[in-house]
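Visitor: Please find the sequence and the predicted model below.
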Amino acid sequence: MRREEIELLAPAGSYEGFEAAIGAGADAVYVGGAAFGARAYAKNFGEEELLRAIDTAHIHGRKLYLTVNTLLKNRELSEQLYDYLLPYYKEGLDAVIVQDMGVFKMIREMFPGMHLHASTQMTVTGPEGMKFLEEQGASRVVTARELSLEEIRRMHETSPIEIESFIHGALCYSYSGQCLMSSILGGRSGNRGRCAQPCRLPYQTALCCGENGRRSEKRKAQELCPLSLKDISTIEILPQILEAGVTSLKIEGRMKQPGYTAGVTSVYRKYLDLLFEKGAENYRVAEEDKRYLLDLFNRGGSCTGYYQMQNGPSMMAFSNEKKTGDVSPVLRKKKEKIQGTFILFPGSPAILDVSCRGIHGSASVGEVQYAQNQPLTEERIRSQMEKLGNTEYEWENLEIQMDENIFIPMKMLNEARREALESLENELLKPYKREENNGKKRLSEDAGRKADSPKQKNLPIYISCEEKSTALALYKREGIHGMYLNADAMEVCLDDCVSRGMEMYLSLPHIMRGEMPRELLTRIREWMD
């Protein structure tokens, strides 16, 4: 696998976090905007900030991805999503991270050319899900965090699309996207970006003793967080993760401070570069760097997650104590190196050409004069031109070609520098820009067709039963048109229901790891017949 095929992907919950990630060596950054992101309580990006971040990422040859990874309501899909994404699409947003299949389908239709990444919230756990999303037009799948390296390897062998996996940061107790605990306990849905993290809270635990089911208190609530996991840190197993087929190494932490982002990203950048430089056989991680990652943030240590094991007590923190050490990561602002040629001869305009990665921008301003008194020196001109301020650039080389007896106002020097940099920036960003298509028109047409469709009366009733006893209590009721049942309930209800003219649908498990059980496949074939 070539170095340029591997991406280090860092989080940013604010513009400061974005700059920290780019400065620390991230190849790409994922952020949340003002809506539809799974971190509703992060600072997140306003429209102007996000547009600036897209441009800044592209100036430095990096990528920016936007999270639209919550479940949307019908009104949000039809009235808000298109207008929300349009400015970012036109600016050149590299990809959208999506959980909701309705959102996925709409973005694919309304914004052709936009890459779609299937969020970890989709809980993709195997080759069949990978192939399905490839067929739907996904360019990347973010694997469920609960997968082993072997499961990821099988997904990679099944489909050519990119695989993105988490390498550092928090773990969920449940499968991502499937936990309803926050919703049930507090009315704050994780699938709407508002998870209250009840898995991090202390609970009173009890031990059942004997057949009579008597319970005896084991620990008090304030002593134990029985659902709280350690964060993952995979710095020691990076070679194995890449060997399994992962091409995007994702750091979790949009709720963290910029210093955390900078610190973690810089360590993984260091070791990713070392891995490609020295090879997997010589890959070693220094103890001080492992300690540094723990000092940045930890909950009772760290673990390598599910990559090399299933479940186990070594993954558990059993507390929500957030620990940090005495570390102060340096926040660096990335500067792009530019080269320039400045031509100054009397009777001609001041001409400045600047270039970056082989792309040029230029400016031609005013007219250079002969000096009446004291001519400008090259040193004075260079000193003025090197004032690049808070731009994204720094001079690698500036060649000045000039007559010895010239005068030019400082204002004109500033103007030449500003216009040349604007010209360069326009050229750097031009390949990323997109034109608005007819997506809005199609959206309006679809809405019109739905509005014109006749209102249906007496809609048929369908019921879903997760327990066999519930299905048996309901299937003979009048007025039920169809049933959704699991395998056990289908076994006992199918014949009677079909004889009554009902539609029958099999509800498969929410999560399927590995191959479909042969016994279940056999039963399904019999039911189909």
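Guide: Yep, that arrived. Note that the structure is predicted; figures quoted are calculated from it, not measured.
Visitor: which residues does residue 352 bridge with?
Guide: For residue 352, the beta-bridge partners are residue 342, residue 363 (DSSP bridges).
Visitor: mind listing what it touches?
Guide: Residue 352 makes contact with 340-343, 362-364, 416-417, 419-420 under the criterion CB atoms under 8 Å, 6 or more residues apart in numbering. Heads up, the C-betas are built off the backbone N, CA and C, glycines and all.
Visitor: and stretch 419-426, how far from the chain's centre?
Guide: Put simply, stretch 419-426 sits 30 Å off its chain's centre (CA atoms, centre = their mean, to the nearest Å).
Visitor: who's in contact with the helix or strand hosting residue 525?
Guide: Assigned by DSSP states H and E, residue 525 belongs to helix 518-528. Residues from elsewhere that reach helix 518-528, judged by CB under 8 Å, 6+ apart: 487, 490-491, 494, 504, 506.
Visitor: how close does residue 506 sit to residue 26?
Guide: Distance of residue 506 to residue 26, computed by CB to CB, to the nearest Å: 44 Å.
Visitor: that older thread, now which of the contacts of residue 352 would you call buried?
Guide: Buried subset of the contacts of residue 352 (neighbour count, 16 or more other CB atoms under 10 Å): 340-343, 362-363, 416-417, 419-420.
Visitor: and of the residues you listed, the nearest to residue 427?
Guide: residue 362 (9.6 Å; CB to CB).
Visitor: Which parts of this protein belong to which domain?
Guide: Using automatic domain parsing, the domains assigned to the chain come out as 3-315, 336-432, 455-528.
Visitor: what's the first-to-last distance across the first one?
Guide: Across its full length, domain 3-315 reaches 31 Å end to end, with CA to CA, to the nearest Å as the criterion.
Visitor: And for stretch 344-359?
Guide: End-to-end distance of stretch 344-359 (CA to CA): 22 Å.
Visitor: Stretch 79-97 too?
Guide: End-to-end for stretch 79-97, by CA to CA: 20 Å.
Visitor: in it, what's buried?
Guide: Those would be 81-82, 84-86, 88-97, for stretch 79-97 by 16+ other CB under 10 Å.
Visitor: Likewise for stretch 185-198?
Guide: In terms of neighbour count (16+ other CB under 10 Å), stretch 185-198 has its buried residues at 188-198.
Visitor: do stretch 273-288 as well
Guide: By 16+ other CB under 10 Å, the buried positions in stretch 273-288 come out as 275-276, 283, 285.
Visitor: got JSON lines for these, with secondary structure, pLDDT and distance to residue 237 too?
Guide: Output for these, formatted as JSON lines (DSSP: H, G, I helix; E, B strand; the rest coil; pLDDT from 0 to 100; distance: CB to CB, whole Å):
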{"residue": "275", "secondary structure": "helix", "pLDDT": "97", "distance to residue 237": "11"}
{"residue": "276", "secondary structure": "helix", "pLDDT": "95", "distance to residue 237": "16"}
{"residue": "283", "secondary structure": "coil", "pLDDT": "97", "distance to residue 237": "10"}
{"residue": "285", "secondary structure": "coil", "pLDDT": "98", "distance to residue 237": "10"}
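Visitor: Make JSON lines out of the residues you listed and add distance to residue 522.
Guide: JSON lines is the format used below for the buried residues of stretch 273-288 (distance: CB to CB, whole Å):
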{"residue": "275", "distance to residue 522": "46"}
{"residue": "276", "distance to residue 522": "48"}
{"residue": "283", "distance to residue 522": "46"}
{"residue": "285", "distance to residue 522": "48"}
